[in-house]
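>>> Curious how this folds, go ahead:
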Amino acid sequence: MFPRLLTTPYYTLHTFGVFLAAAYMTSLWWLVRSGRRKGMDPDELSSLGLWAIAGAFIGAKALMVVRTFPDYLANPSAFVSASFLTSAGDFYGGFIGGVLASVWFFSRHPSMSFWPLADLCAPAIALGQAIGRIGCLMAGDDYGSPTTRPWAVTFTDPDAALVGGAPLGVPLHPVQVYESMACLAIFGVLVWLARRKTFDGQILLAYSVLYAVARFLLEFVRGDVDRGFVFGGLLSTSQFIGLVIVVLSLIAVPGRLRVPLAAVPAQPKRRR
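Numbers count the residues shown, from 1 in each chain. This is a model prediction of the structure:
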């Protein structure tokens, strides 16, 4: 694909970094836009979004290290390798990290209600994923398994192997495109559902289940070898985490149904 947008003697602008930044900024834009329409303070929403992004960045790297910890333990220099520094890490680690950072943020801002705001965040996450996965395709990261399908992609740039680890000259499932399309579809469903929701938290829980199902299926055509496996290789790390999230989401639904739907409380606008 196209792992570099710009190369100079002093600096290389990687395509993946541009798409990752675009994903984060688009997610933040959607969150602020959605909240503004409900009369919320855009500054508060921006702060929430930035904390969530920081938590997601740290969490994604952390899970990537945990999943392949023996490799990092055997080769500590991998922590400063190009692959580690340019990789976005594991999405589920980022999701968990973003949620934890958001919980901390809400603990410092008790006037803001978690579940209604979480419903605003869910479509933003899906939209950001749809953009970010195209960056993965450009970099050869999170690549698919070999296939003879006519829409297979073949990586030829050495950077795709160096940074993303993709095998060169082998037709692969464009699993990054599959996930991007799935996340875009999930985004559409969540936007539609948000106008019809019957309880606070419904959009976040719907996202959690829909993405977990999509990711579980996509794992079968992932080709990167460091997937992490549990239950003796029966499930990948992401499949296992997805199952846990589905179970927790379904458990949470009855409790949320008993709580009356409340409007998102408007935040007082700051004087300039």
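
>>> Need the per-residue pLDDT for the nearest residue to W151 once chain neighbours are set aside.
Distance criterion C-beta to C-beta, 6 or more residues apart in numbering; nearest residue to W151, sequence neighbours excluded, is P174 at 6.4 Å. For the C-beta atoms, the positions are set from N, CA and C on the backbone; glycine is no exception. The per-residue pLDDT reported for P174 equals 96.

>>> Report the contact partners of P174.
The neighbourhood of P174, defined by C-beta atoms under 8 Å, 6 or more residues apart in numbering, consists of 137, 144, 151-153.

>>> What distance do you get for S113 to V259?
11 Å (C-beta to C-beta, to the nearest Å).

>>> got it, and P174?
42 Å.

>>> Ok, L190 next?
Distance, L190 to V259, using C-beta to C-beta: 20 Å.

>>> Neighbour count for the two, which is higher?
Neighbour count, other C-beta atoms under 10 Å: between L190 and V259, L190 has more, with 23 against 11.

>>> Can you tell me the element that one falls in?
L190 is part of helix 175-194 when elements are defined by DSSP states H and E.

>>> Looks like A182 contacts L218 (just checking).
Yes. With contacts counted by C-beta atoms under 8 Å, A182 reaches L218, the gap being 7.1 Å.

>>> Run a quick neighbour tally on the nearest residue to E179 once chain neighbours are set aside.
In space, and not counting its chain neighbours, E179 is closest to R133: 4.8 Å by C-beta to C-beta, 6+ apart. Counted with other C-beta under 10 Å, residues neighbouring R133 total 27.

>>> R133: which element?
Assigning secondary structure by DSSP H and E places R133 in helix 114-139.
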